[in-house]
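Trainee: need a 3D model of the following:
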Amino acid sequence: MLRHLSPRDRRLFWEFGRGPAAPLPHQLVHRAFERQAALTPHAVAATHQGATITYGALDALAGQLAARLVREGVRPGDRVGLFVRRSLPMLVGLLGTLKAGAAYVPQDIGLTPPAQLRHVIATAGTRVILTQAAHRARVPLPDGQVCIAVDELPAESADPPPLRLARPTDPDDPCYVLFTSGTTGAPNGVVVTHRNVCNLLLTAPGNLGIGRGQRVAQLLNIAFDMAAWEILGTLTAGATLVIRGKDIAATARTADVLIATPTVLAGIDPAACPRVRTVAVAGETCPRPLADLWARHAAFHNCCGPTETTIVNTMQRHRIEAARLTIGRPTPNNTVYVLDERRRPLPIGESGEMWAGGDCVSAGYLGNPALTRERYAPDPFLGDGRLMFRTRDLGRWTPDGELEHLGRTDDQVKIRGFRVEPGSVSAVLESVPGCARAITLPHDDARSLVSFVCPQEVDPLAARAAVAAQLPYYCVPSAVLPVAALPETDRGKIDKAALLRLAEGVTR
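Mentor: Numbering: from 1, shown residues only. Sure thing, here's the model as predicted:
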């Protein structure tokens with residue numbers, strides 16, 4: 001597989017592409033939490049709108065729920081719906097499910113349409129759905145299913161019996177099933193194992209240095225995989241999770257650690273967050289101005305990885321003096337390969353598609369073996385039956401061994417017969433003085449590009465001229481539209497559909 005490369009590139013293929021080997025202190029997520037509960041039972045595990053819960057109380061309630069789930073027939077490897085709003089009972093449901101040996105299937109009951117809830121229930125094959133009493137009526141409960149309100153659990157037994165599972169939970173059992181939002185068709189359920197999750201959360205740098213006495217903001221939708229980083233990353237480290245209400249910025253001001261998409265982070269002023277010491281972003285391309293802004297105030301990690309590679313599988317600690325903003329290197333026990341169309345490694349510095357290997361690679365798509373075969377493939381480099389995942393991200397290795405993210409294969413478009421990566425246009429726009437964020441989209445049936453820049457004070461003529469000065473003529477957007485802020489989806493990413501509707505109204 002490497003014979004076509006020069007001796008230097010063969011050596012760098014492994015030197016750059018393989019993350020460090022690191023042992024894991026725990027193989028199961030809930031065991032790491034239980035260890036913290038045993039060590040500091042009186043420490044505050046989480047807060048929400050003035051209410052708090054200690055590690056000991058959370059562990060007891062989760063154990064009580066796990067016993068109830070086992071009585072309802074839940075077995076190791078099963079899937080339990082977790083249809084809740086952001087709250088302390090959300091944590092009880094999540095941990096109780098894991099203690100019962102099952103995987104949690106999260107959805108925000110206040111935001112998810114009934115049709116999608118039905119799709120999730122049917123695809124996940126749930127036996128039990130957990131919710132809150134106030135939202136029970138919103139659950140489209142099929143016949144034969146059980147719905148439990150996690151905020152109505154009976155009083156704790158003084159001496160609860162030991163939990164007896166049908167078999168021990170295995171590290172390769174599913175920890176959660178995340179339904180990706182997708183761009184076409186129904187969402188697909190990605191099966192993520194305990195081994196996958198522990199590998200990120202219990203090793204550096206994925207653990208973000210989170211520890212006892214620290215406060216971690218919980219800002220994101222529970223159905224988004226980065227919320228698992230916030231929640232489980234906190235509870236496995238003995239820190240305090242600060243669950244937000246409606247005001248994201250107010251929660252951020254009280255936190256030491258922020259995990260967010262660039263779109264969410266852009267709405268937070270670092271000068272108003274003196275406690276924040278660590279920030280991690282992922283989920284979409286981070287603009288350099290935003291990275292530099294936060295890197296002046298905190299340890300700033302730019303990360304990348306789809307849901308299928310367990311939250312993120314590459315990370316970079318960014319510094320403002322760096323020549324470029326990259327997505328760094330593979331996290332521990334993981335690999336990244338930059339391959340051509342024939343899945344052959346490319347020489348260092350050449351751009352290609354990134355494939356991910358190692359312990360980050362999830363167990364595939366639930367109930368969709370055809371799609372699993374399409375996106376997951378035997379890993380010829382690691383061998384031993386391992387799989388690698390096709391990320392559809394484009395990248396290349398820098399001379400010093402970091403990955404530059406160059407957009408996505410499914411974002412490339414043809415404009416006037418030329419293949420264009422819209423992200424390259426946005427990168428130029430973000431270099432224009434005063435431009436904090438830009439996004440470029442195909443427009444007019446892909447006959448042209450339209451760009452959006454914020455804040456609204458950005459000069460659109462100067463912005464368009466900057467693109468014309470640096471990129472070929474076919475990359476120049478037909479219009480540059482300043483906006484006060486970029487619209488967001490419920491997962492904290494840029495709402496491209498809303499922007500295209502805006503463009504239709506403006507460019508007619």
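
Trainee: residues in contact with the residue most central in space within the chain?
Mentor: Centroid-nearest residue in the chain: Met226, 3.4 Å away (criterion: C-alpha atoms, centre = their mean). For Met226, the contacting residues are Leu220, Ile259, Ala260, Thr261, Ala282, Gly283, Ile311, by C-beta atoms under 8 Å, 6 or more residues apart in numbering. C-betas here are computed from N, CA, C, even on glycine.

Trainee: from Asp379, how far out is Gly385?
Mentor: 9 Å (C-beta to C-beta, to the nearest Å).

Trainee: please enumerate the strands of the stretch 301-450 of the chain.
Mentor: Taking DSSP state E, counting those that start in this stretch as the criterion, the stretch 301-450 of the chain carries its strands at 314-318, 329-330, 334-339, 352-358, 376-378, 387-397, 403-408, 413-415, 418-420, 437-443, 448-454.

Trainee: redo those strands as JSON lines? Include distance to Gly110.
Mentor: Shown next, in JSON lines, are these (distance: least, C-beta to C-beta, whole Å):
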{"stretch": "strand 314-318", "distance to Gly110": "32"}
{"stretch": "strand 329-330", "distance to Gly110": "37"}
{"stretch": "strand 334-339", "distance to Gly110": "35"}
{"stretch": "strand 352-358", "distance to Gly110": "33"}
{"stretch": "strand 376-378", "distance to Gly110": "33"}
{"stretch": "strand 387-397", "distance to Gly110": "31"}
{"stretch": "strand 403-408", "distance to Gly110": "30"}
{"stretch": "strand 413-415", "distance to Gly110": "35"}
{"stretch": "strand 418-420", "distance to Gly110": "39"}
{"stretch": "strand 437-443", "distance to Gly110": "27"}
{"stretch": "strand 448-454", "distance to Gly110": "28"}
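
Trainee: quick one: which of the ones you listed is nearest Arg244?
Mentor: For Arg244, the closest of the strands of the stretch 301-450 of the chain is strand 437-443, at 21.9 Å, according to C-beta to C-beta.

Trainee: what inclination does that closest one have with respect to strand 448-454?
Mentor: Angle of strand 437-443 versus strand 448-454, following axes from the mean of the first three to the mean of the last three C-alpha atoms, to 10 degrees, is 160 degrees.

Trainee: partners of strand 437-443 in the sheet?
Mentor: Paired with strand 437-443 in the same sheet, following DSSP bridges, are strand 448-454 (antiparallel).

Trainee: just the CA trace of stretch 5-19, in PDB.
Mentor: What follows is stretch 5-19, C-alpha atoms only, in PDB (Å, rounded to 0.1, in the frame of the first residue of the first chain):
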ATOM      1  CA  LEU A   5       5.600   6.600  -2.000                       C
ATOM      2  CA  SER A   6       9.200   7.800  -1.600                       C
ATOM      3  CA  PRO A   7      11.100   6.500   1.500                       C
ATOM      4  CA  ARG A   8      10.600   9.800   3.200                       C
ATOM      5  CA  ASP A   9       6.800   9.800   2.600                       C
ATOM      6  CA  ARG A  10       6.500   6.200   3.800                       C
ATOM      7  CA  ARG A  11       8.200   7.200   7.100                       C
ATOM      8  CA  LEU A  12       6.000  10.300   7.500                       C
ATOM      9  CA  PHE A  13       2.800   8.400   6.600                       C
ATOM     10  CA  TRP A  14       3.200   6.700  10.000                       C
ATOM     11  CA  GLU A  15       4.900   9.500  11.900                       C
ATOM     12  CA  PHE A  16       2.200  12.000  11.100                       C
ATOM     13  CA  GLY A  17      -0.800   9.800  10.700                       C
ATOM     14  CA  ARG A  18      -0.700   7.700  13.900                       C
ATOM     15  CA  GLY A  19      -1.700   9.200  17.200                       C
END
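
Trainee: the domain parsing of the protein - what is it?
Mentor: Following automatic domain parsing, one finds the domains of the chain at 7-21+334-408, 412-507.

Trainee: by mean pLDDT, show me the worst of those.
Mentor: Lowest mean pLDDT within the domains of the chain: domain 412-507, at a mean of 87.

Trainee: ok now it, how far from the chain's centre?
Mentor: 24 Å (C-alpha atoms, centre = their mean, to the nearest Å).

Trainee: who touches Phe381 in this structure?
Mentor: Counting by C-beta under 8 Å, 6+ apart, Phe381 touches Met1, Thr335, Tyr337, Gly357, Met388.

Trainee: again, only using 6 Å
Mentor: Phe381 sits next to no residue when contact means C-beta atoms under 6 Å, 6 or more residues apart in numbering.

Trainee: among the contacts of Met226, which are located in strands?
Mentor: Counting by DSSP state E, the contacts of Met226 place Ile259, Ala260 in strands.

Trainee: ok, and the most crowded of the contacts of Met226?
Mentor: Highest neighbour count within the contacts of Met226: Ile259, with 32 neighbours (other C-beta atoms under 10 Å).

Trainee: quick one: Ala137 and Cys147, what's the gap?
Mentor: 10 Å.

Trainee: more neighbours: which of these two?
Mentor: Ranked by neighbour count (other C-beta under 10 Å), Ala137 and Cys147 place Cys147 first, with 13 against 9.

Trainee: related to what we said a few turns ago, turn the domains of the chain into TSV, including distance to Leu111.
Mentor: Converted to TSV, these look like this (distance: least, C-beta to C-beta, whole Å):
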stretch	distance to Leu111
domain 7-21+334-408	21
domain 412-507	5
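
Trainee: low-confidence ranges, the stretch 151-300 of the chain, go.
Mentor: Along the stretch 151-300 of the chain, the parts satisfying pLDDT under 70 run over 155-160, 181-186.

Trainee: and the strands in it, which stretches?
Mentor: 174-179, 189-193, 215-218, 240-243, 257-260, 278-281, 299-304.

Trainee: as a markdown table, those strands with distance to Arg18 would be great.
Mentor: Shown next, in a markdown table, are the strands of the stretch 151-300 of the chain (distance: least, C-beta to C-beta, whole Å):
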| stretch | distance to Arg18 |
| --- | --- |
| strand 174-179 | 24 |
| strand 189-193 | 21 |
| strand 215-218 | 29 |
| strand 240-243 | 33 |
| strand 257-260 | 25 |
| strand 278-281 | 22 |
| strand 299-304 | 17 |
